[in-house]
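S.K.: Sequence first, predicted coordinates after that:
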Number of protein chains: 2
Amino acid sequence: MQSLPGFRDFVPKECAARNYIFHRWREVARRYGFVEWDGPVLEPTDLYTKKSGPEIVTQLFNFTDKGEREVAMRPELTPTLARVVAAHEREFKKPLKWFSIPQCFRYEKQQRGRLREHYQFNADIIGESALEADVELIALCVDLLRAFGFTAEDVVVRISDREFWIDFLRAQNVPEEKWEEVLQAIDKSEREPREKTAARLGSLAEPTFKILDGTGTSEKLEQVVAALRNRGLTEFVKIDLGIVRGLAYYSGVVFEAFDRGGKLRALAGGGRYDNLIQQLSDGAVSLPAIGFAMGDVVLGELIAEQPAAKAKMEEAIAAQQNLDIYVVIAKEERRADALAQIQALRDRGYRVDFPLTPAKVGKQFQTAEQLGARIAILFGDEWPQVKLKDLRTGEQSLLPHEGLSARFAALLSSPA
Amino acid sequence: MQSLPGFRDFVPKECAARNYIFHRWREVARRYGFVEWDGPVLEPTDLYTKKSGPEIVTQLFNFTDKGEREVAMRPELTPTLARVVAAHEREFKKPLKWFSIPQCFRYEKQQRGRLREHYQFNADIIGESALEADVELIALCVDLLRAFGFTAEDVVVRISDREFWIDFLRAQNVPEEKWEEVLQAIDKSEREPREKTAARLGSLAEPTFKILDGTGTSEKLEQVVAALRNRGLTEFVKIDLGIVRGLAYYSGVVFEAFDRGGKLRALAGGGRYDNLIQQLSDGAVSLPAIGFAMGDVVLGELIAEQPAAKAKMEEAIAAQQNLDIYVVIAKEERRADALAQIQALRDRGYRVDFPLTPAKVGKQFQTAEQLGARIAILFGDEWPQVKLKDLRTGEQSLLPHEGLSARFAALLSSPA
């Protein structure tokens, strides 16, 4: 019996790495005043075709449910966001600063950094068109990456402006129905040979390459960088008009985060989508918005490759998984007494384990070490005292068993 | 555009309640030395029919994927557990103490406490047949409920023994192929009129009702209760042979947790399943096991109904969601200075927000209160000093802006 291709099992070590990523995402988003929300894993298929066109269906896990509804496992969260915001619009003060960590699903060819499911941190600011919202969101993206231990030598956020390209297309008299095709060709240009892009672009190739090869900028992008300077984050960003993002609905600033080495897929990407909520809500609600997403798969690869980030993760996982106390039951007559103390210690929030069945003392200490316990408490001949052993220093001491749990405040400065 | 029937949107208030439940589940499981794992949301349909028979398919969100695989959204986690444990058996020291919080899916008629998706805390001890494992797991179930603020007046765990009933069926000469049918009739007896159960049971009705109406027990169950007495948890449990659990694979102690009022569905349920891993792994791995699950929907209903539990939840949510600091920008000339301080404060882990666009000072203070901020810092005429206002006490003071973030250790005793 095997799991499906492209789907991950998370045994405890892998689950801890996943949870570490989630924990950092949540922590930093909350520092920025974002609040968490979530939507259903399963949605009507229409919700996605409405945003992305019927061709999206080829990439979906979609089916007809037992009530004859056309449904799909979510490939992304933005359509759900538009639905939920449109339904609850009046309940919330704008701007909304919302984040979420959905698991998303796509039926795609598996490649490095791309599975058929992944977790994707999403952050959106809704109801604010001012450029300061774009800056706040880009700063969040940078600080998320910093929280994993990455420096400006490891990662870069490349910032561009979809309006710059729209102005360009207008100036070149490209008819509006051709825009998406051209923008997608520019989006792909970095990842394919120039001749291929040139063939896609036709007469637009020359002026486009001129921009891509130059150091083009715009007043708006300069403002973004100036505002990031106030926060001390400019070394993490770079104006780069080569970023256009393939999707049709972006309407202003767009950005993508990459490893500096350029070996991996994008770590994150997003941009302004001022018209999408109106379009998805059939005009019921019109709100400017900007958002981005960061996936767990490529991020996990970069953490594994960067020694400082990896060490930081391992330290955090150990701190969270290790036991505080392992109770060694040296005499079975003391099991009942030991369990009373175990209960009291757990009630105070300590992580405590013990042997479920009789075992040799040496083996119990071995288990204590394997589980990363900081302290062993031995219930045996010393009763009514118990023996304490600090498993890091090897120091031992005897203590009366009464009020054992209260005494631990000094030994374990904070419960987990 | 609507969500699908039986699927929930989690707007921030509801997402916070969900996360509060997850947080408590995780915290208590870790105190007991359980480690988290997870499996895929989508699995081969066979994995479920193998455990539950072909009739389970009528309750599944199942379909044929684009690679012609028969797949289903997980209705429960145990078959995945068996698959993962069988695959990784040699990597881990027994017993395994594993927990998980999967979202599970069933295409069912919606009723109170039953949607088409729910989150379900799962805990299992694998590789240990001793009764002490059963006790540890029942104690965990009790302590999970205690962590939400429930007392023995609110909840009860009813403990039974499938072996008692197997012995009864043997003594009554019931052929083995009839056992499941009889056990299911007993399982349902509490929720339907006696005549209906009597009709299902036939000649077994009389001796069965005698047991159900009596105060039957077994040596094994008495041992469980005695062991729980060491932990001071007996007031939360009750021996009750009326609990049999409908599923065929339970092989020993079984238990279910309920609200004392008896108004709601079961809060949790589980038991020993010593033969299931062997069966699901086609004999590759044989490990005794005991586990239980607790869903978020019924639990959430009980929290909402019990004032102390509800207050505890609301306090925890406020502590986690409220801002530490709202920065009031009274003069736009100070925005750049304010942002440098905001960055420094966030870097230290404080939750900080500010107005993205110019706003009147009074309105900014209003927003600060709405966001639950503890402190407002005003950047305005006082520059190079800033004005601090404690939003709980109303106290105000002036501080130099230099090193503002470092000064906060005294004001906000701990970063969030």
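M.R.: It's in.

S.K.: Wait, a helix at residue A:265?
M.R.: No: the assignment for residue A:265 is coil, going by DSSP: H, G, I helix; E, B strand; the rest coil, so no helix is present there.

S.K.: Give me the neighbour count for it.
M.R.: For residue A:265, the tally of surrounding residues (other C-beta atoms under 10 Å in any protein chain shown) stands at 17. The C-beta positions use only the backbone N, C-alpha and C, and glycine is treated the same way.

S.K.: quick one: contacts for the nearest residue to it once chain neighbours are set aside?
M.R.: The spatial neighbour of residue A:265 that comes closest, neighbours along the chain excluded (C-beta to C-beta, 6 or more residues apart in numbering or on different chains), is residue A:113 at 4.4 Å. Under the criterion of C-beta atoms under 8 Å, 6 or more residues apart in numbering or on different chains, the contact list for residue A:113 reads A:264, A:265, A:297, A:298, A:301.

S.K.: give me the element the fourth one is part of.
M.R.: Using DSSP states H and E, residue A:298 falls within helix A:296-305.

S.K.: Any buried residues in that helix, and which?
M.R.: Using 16 or more other C-beta atoms under 10 Å in any protein chain shown as the test for burial, helix A:296-305 gives A:296, A:297, A:298, A:299, A:300, A:301, A:302, A:303.

S.K.: so how far is it off the chain centroid?
M.R.: Centre-to-centre, helix A:296-305 and its host chain are 11 Å apart (C-alpha atoms, centre = their mean, to the nearest Å).

S.K.: next one: the next helix or strand after that helix to chain centre, how far?
M.R.: Proceeding N to C from helix A:296-305, the next assigned helix or strand is helix A:307-321, under DSSP H and E. Here the centre of helix A:307-321 is set off from its chain's centre by 17 Å, with C-alpha atoms, centre = their mean.

S.K.: in helix A:307-321, what counts as buried?
M.R.: A:309, A:310, A:312, A:313, A:316, A:317, A:320, A:321.

S.K.: Also stretch A:390-398?
M.R.: Neighbour-count burial for stretch A:390-398, counted by 16+ other C-beta under 10 Å, picks out residue A:391.

S.K.: Could you give the separation of it from the chain centroid?
M.R.: Stretch A:390-398 sits 40 Å away from the centroid of its parent chain (C-alpha atoms, centre = their mean).

S.K.: Give me the residues contacting that stretch.
M.R.: Contact partners of stretch A:390-398, identified using C-beta under 8 Å, 6+ apart, comprise A:326, A:368-369, A:373-376, A:382, A:385-389, A:411.

S.K.: in which helix or strand would I find the residue of the stretch 51-200 of chain A at minimum distance from chain B?
M.R.: Nearest to chain B in the stretch 51-200 of chain A, going by C-beta to the nearest C-beta, is residue A:63, at a distance of 3.3 Å. Assigned by DSSP H and E, residue A:63 falls within strand A:62-64.

S.K.: so how many other residues sit close to residue A:219?
M.R.: Around residue A:219 there are 8 residues (other C-beta under 10 Å).

S.K.: ok so, going back, pLDDT and distance to chain B added to the buried residues of helix A:307-321, as JSON lines?
M.R.: Output for the buried residues of helix A:307-321, formatted as JSON lines (pLDDT from 0 to 100; distance: C-beta to the nearest C-beta, whole Å):
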{"residue": "A:309", "pLDDT": "98", "distance to chain B": "17"}
{"residue": "A:310", "pLDDT": "98", "distance to chain B": "20"}
{"residue": "A:312", "pLDDT": "97", "distance to chain B": "15"}
{"residue": "A:313", "pLDDT": "97", "distance to chain B": "16"}
{"residue": "A:316", "pLDDT": "94", "distance to chain B": "14"}
{"residue": "A:317", "pLDDT": "94", "distance to chain B": "11"}
{"residue": "A:320", "pLDDT": "85", "distance to chain B": "8"}
{"residue": "A:321", "pLDDT": "86", "distance to chain B": "6"}
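
S.K.: Present those residues as TSV; the columns should include distance to residue B:18.
M.R.: As requested, the buried residues of helix A:307-321 are exported to TSV (distance: C-beta to C-beta, whole Å):
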residue	distance to residue B:18
A:309	30
A:310	31
A:312	28
A:313	26
A:316	24
A:317	24
A:320	21
A:321	23
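
S.K.: ok, so of these, who is nearest residue B:2?
M.R.: Ranked by distance to residue B:2 (C-beta to C-beta), those are led by residue A:320 at 39.4 Å.

S.K.: returning to what we had before: the contacts of residue A:113: which two are farthest apart?
M.R.: Between any two of the contacts of residue A:113, the greatest separation by C-beta to C-beta is 9.6 Å, found for A:264 and A:297.

S.K.: from the contacts of residue A:113, which single one is nearest residue B:85?
M.R.: The closest of these to residue B:85 turns out to be residue A:297 (C-beta to C-beta; 24.8 Å).

S.K.: Before I go, just wanted to say thanks for your time.
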